[in-house]
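S.K.: Predicted structure and sequence below. I'll ask about it afterward.
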Amino acid sequence: MAILEGKVAYEAARRLTSADFSRLEAIHQELEREAAANNADGFFEANQRLSLGTAGDCQQPLSGAPDRRRAQGHQMTRRDSLRLAGRMTQSLTEHRGILAALKDQDGALAEQRMRAHLLSGREALARLASGGELSAMPKDDEHGGSR
């Protein structure tokens, strides 16, 4: 997935229009708000829209059907990894770097940062599997529902 999504970021950097970038930037602002609220679920959902928006804006699917099914099977685990101490902040910093590379239309840098981001997420999953320390999450009623 890191190679595929890296290529998507590379192509997006080359093909994004200013309107496309504005849409991605608006979604990224949702990431910023959700991270500030320490809302892992909201952050994850905005991240999904950002990933799909990047793929759509470069006019190619995020992945083929088998890869997409596999990715959907891992979504909950990726969502859960955002509850690891420091992971949401780390992910947000990585997203900022990817967005900067997209804005500069630097395909090679966008690809490199996307791959690093996905590998970082994989490392977070390994920490989660080995019992990594979870961060404190807001109470259910602070964000209008249960987690």
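M.R.: Now that the structure is in, tell me what you want to look at. Residues are numbered from 1 along each chain as shown.
S.K.: Quick check: longest helix in the protein by residues?
M.R.: helix 107-129 (DSSP state H).
S.K.: Tell me which other helices or strands it touches.
M.R.: In terms of contacts (3 or more Cβ pairs under 8 Å, 6 or more residues apart in numbering; DSSP states H and E), helix 107-129 is packed against helix 2-15, helix 75-81, helix 87-103. In this view, the C-beta of every residue, glycine as well, is placed from N, C-alpha and C.
S.K.: Which helix or strand in this structure has the lowest average pLDDT?
M.R.: helix 65-73 (a mean of 44; mean pLDDT, DSSP states H and E).
S.K.: coming back round to it: rebuild the helices and strands packed on helix 107-129 as JSON lines, extending it with mean neighbour count, mean pLDDT and distance to residue 37.
M.R.: Shown next, in JSON lines, are the helices and strands packed on helix 107-129 (neighbours: other Cβ atoms under 10 Å; pLDDT from 0 to 100; distance: least, Cβ to Cβ, whole Å):
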{"stretch": "helix 2-15", "mean neighbour count": "20", "mean pLDDT": "87", "distance to residue 37": "26"}
{"stretch": "helix 75-81", "mean neighbour count": "16", "mean pLDDT": "74", "distance to residue 37": "15"}
{"stretch": "helix 87-103", "mean neighbour count": "19", "mean pLDDT": "95", "distance to residue 37": "10"}
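S.K.: In CSV, list the ones you listed along with distance to residue 48.
M.R.: Shown next, in CSV, are these (distance: least, Cβ to Cβ, whole Å):
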stretch, distance to residue 48
helix 2-15, 13
helix 75-81, 8
helix 87-103, 12
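S.K.: so the residue positioned nearest the centre of the chain is in which element?
M.R.: The centroid of the chain falls nearest to residue 47 when counting by Cα atoms, centre = their mean (4.1 Å). Per DSSP states H and E: residue 47 is located in helix 40-57.
S.K.: ok so, going back, which positions in the longest helix of the chain come out as buried?
M.R.: For helix 107-129, the neighbour count (16 or more other Cβ atoms under 10 Å) marks 107, 109-115, 117-118, 120-121, 124-125, 128 as buried.
S.K.: Fine by me, thanks again.
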